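# below is the structure, and that's it, no one-letter string:
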């Protein structure tokens with residue numbers, strides 16, 4: 001951005017007309033117009049009055065360093081805010097999954113609730129958890145990473161998920177054959193999905209911390 005454009009934007013921010021600026025600086029309106037259209041530049045003795053009028057320093061007027069720095073700070077704050085909201089949203093979704101698991105574990109054997117009603121509430125809570133995670137990921141999108149880092153991270157998560165699947169299937173079969181409680185041991189697969197989401201969340205939060 002050149003000096004003329006800066007002078008124009010500064011005047012607009014102060015809600016001043018060219019005539020008003022000209023009166024304050026003891027110059028003509030045409031002079032202000034020429035400055036703002038880069039037909040001429042302010043004389044040295046007008047730099048200080050211009051800066052005082054617009055509330056900036058000479059360096060800010062000539063280089064725009066402060067404005068660029070402020071914009072960068074605002075951008076960093078926005079990014080940090082998005083990271084926090086993303087982490088909070090995904091964490092809340094995972095919490096809903098835990099609540100769903102606790103509910104299905106106590107609703108029938110402890111509270112003696114109708115199995116159909118208990119299952120319906122369980123599915124509803126899981127739906128809310130899924131909605132929260134998907135909504136958060138769509139609204140607060142993660143900043144794009146390099147393809148190399150993304151591929152490496154996805155490969156690690158995939159291997160961890162495969163291990164979790166094997167362990168959960170093994171536990172499911174062992175517990176089911178020993179207890180014959182096939183009607184309840186399927187919860188292990190819900191736990192498996194929950195663990196996968198937690199693993200994904202850990203990697204995302206780790207990536208966010210590395211960017212700081």
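Perfect, I can see it now. On a predicted model such as this, the values are computed, not experimentally measured, just so you know.
# run through this protein and note the low-pLDDT ranges.
Residue ranges of the chain with pLDDT under 70: 1, 64-77, 141-153, 179, 181, 183-184, 204-212.
# for residue 39, helix, strand, or coil?
Using DSSP: H, G, I helix; E, B strand; the rest coil, the structure places residue 39 in coil.
# run through the residues that contact it.
Residue 39 sits next to residue 33 when contact means Cβ atoms under 8 Å, 6 or more residues apart in numbering. Every residue, glycine included, has its C-beta placed from N, CA and C.
# and with 10 Å instead?
Counting by Cβ atoms under 10 Å, 6 or more residues apart in numbering, residue 39 makes contact with 4, 30, 31, 33.
# quick one: distance of the helix or strand hosting residue 33 to the chain centre.
Here residue 33 sits within helix 29-36, counting by DSSP states H and E. With Cα atoms, centre = their mean, to the nearest Å as the basis, helix 29-36 stands 44 Å off its chain's centre.
# on that earlier part again, of the contacts of residue 39, which is the nearest to residue 113?
Distance to residue 113, by Cβ to Cβ, is smallest for residue 4 among the contacts of residue 39, at 74.1 Å.
# and the closest one, what helix or strand is that in?
Using DSSP H and E, the element containing residue 4 is helix 3-13.
# other residues contacting the helix holding residue 33?
Counting by Cβ under 10 Å, 6+ apart, residues outside helix 29-36 touching it are 3-12, 16-23, 25, 27-28, 39-43, 46, 50.
# filter those residues down to the buried ones.
Buried subset of these (neighbour count, 16 or more other Cβ atoms under 10 Å): 3-4, 6-8, 10-11, 16, 18, 21-22, 25, 27, 42, 46, 50.
# how close does residue 187 sit to residue 180?
Distance, residue 187 to residue 180, using Cβ to Cβ, to the nearest Å: 15 Å.
# residue 197 too?
Counting by Cβ to Cβ - residue 197 and residue 180 are separated by 30 Å.
# neighbour-wise, which of the two wins?
Taking other Cβ atoms under 10 Å, residue 197 and residue 180 do not tie; residue 197 has more neighbours (16 against 9).
# go ahead and confirm the more buried one touches residue 130.
Yes. Contact criterion Cβ atoms under 10 Å: residue 197 and residue 130 qualify, at 9.5 Å.
# could you say which helix or strand holds the residue nearest the centre of the chain?
By Cα atoms, centre = their mean, the chain has its centre lying nearest to residue 82, at 2.2 Å. Element membership for residue 82 (DSSP H and E) is helix 65-107.
# that helix: what's the following helix or strand?
Note on helix 65-107: by DSSP H and E, the next helix or strand toward the C-terminus is helix 115-139.
# distance of residue 30 relative to residue 188?
Taking Cβ to Cβ as the measure, residue 30 falls 81 Å from residue 188.
# of the two, which one has the most company?
When residue 30 and residue 188 are compared on other Cβ under 10 Å, the one with more neighbours turns out to be residue 188, at 17 against 12.
# still on that earlier bit, I figured the residue nearest to the centre of the chain was touching residue 137, is that so?
No. Counting by Cβ under 10 Å, residue 82 stays clear of residue 137, with 11.5 Å between them.
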